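Enquirer: dropping a prediction and its sequence here:
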Amino acid sequence: MTRTRVMVAVLALVGSISLVGCPGAGAPSDGLDVATLPASVRSDYEIFAQRCSKCHGLARALDSGITDDVFWKEYVARMRRQTASGISPSDEPPILRFLHYYSLEQKRVRAGDGG
């Protein structure tokens with residue numbers, strides 16, 4: 001089993017457990033200050049924050065350390081299938097754009113280029 005598949009399986013298990021009573025479970029306040037983001041990703045972040053905070057805190061994704069776009073694509077698709085998430089197929093591209101941006105930014109910070 002690849003590392004990505006193991007991570008998907010673990011997060012799927014955690015996600016399925018935490019989705020019990022999904023509505024209202026998260027709060028956008030544990031996210032980022034929109035003013036600190038480049039204008040090009042602010043609207044993507046807003047969609048990420050609105051949709052992903054319905055079932056869990058934003059820190060779950062932001063602090064995950066995951067930087068693999070393939071993983072995020074599989075994970076967001078799985079979350080979209082959770083009926084209470086409110087994530088539509090048209091929400092996936094902006095959410096994935098934000099997660100891609102954020103992953104690159106986290107890699108840059110960890111490399112010591114701007115922290």
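Expert: Yep, it's here.
Enquirer: what residues are up against L62?
Expert: The contact partners of L62, by Cβ atoms under 8 Å, 6 or more residues apart in numbering, come to G31, L32, Y102. C-beta: built from backbone N, CA, C; applies to glycine.
Enquirer: rerun at 7 Å
Expert: G31, Y102 (Cβ atoms under 7 Å, 6 or more residues apart in numbering).
Enquirer: over to M79?
Expert: S85, I87.
Enquirer: next structured bit after the helix or strand harbouring it?
Expert: Element membership for M79, per DSSP states H and E: helix 69-80. Counting by DSSP H and E, the next helix or strand C-terminal to helix 69-80 is helix 92-110.
Enquirer: check what pLDDT S88 gets.
Expert: Here the pLDDT value assigned to S88 is 95.
Enquirer: nope, I17 is what I was after
Expert: pLDDT recorded at I17 is 42.
Enquirer: count of neighbours near the residue lying closest to P89 once chain neighbours are set aside?
Expert: Distance criterion Cβ to Cβ, 6 or more residues apart in numbering; nearest residue to P89, sequence neighbours excluded, is R80 at 7.0 Å. R80 has 17 neighbouring residues, counting by other Cβ atoms under 10 Å.
Enquirer: what separation is there between R80 and R97?
Expert: Remark: distance between R80 and R97 (Cβ to Cβ, to the nearest Å) = 15 Å.
Enquirer: also S64?
Expert: 17 Å.
Enquirer: and stretch 42-52, how far out from the chain middle?
Expert: 9 Å (Cα atoms, centre = their mean, to the nearest Å).
Enquirer: kindly report the same for stretch 31-51.
Expert: On Cα atoms, centre = their mean, the centre of stretch 31-51 falls 12 Å from that of its chain.
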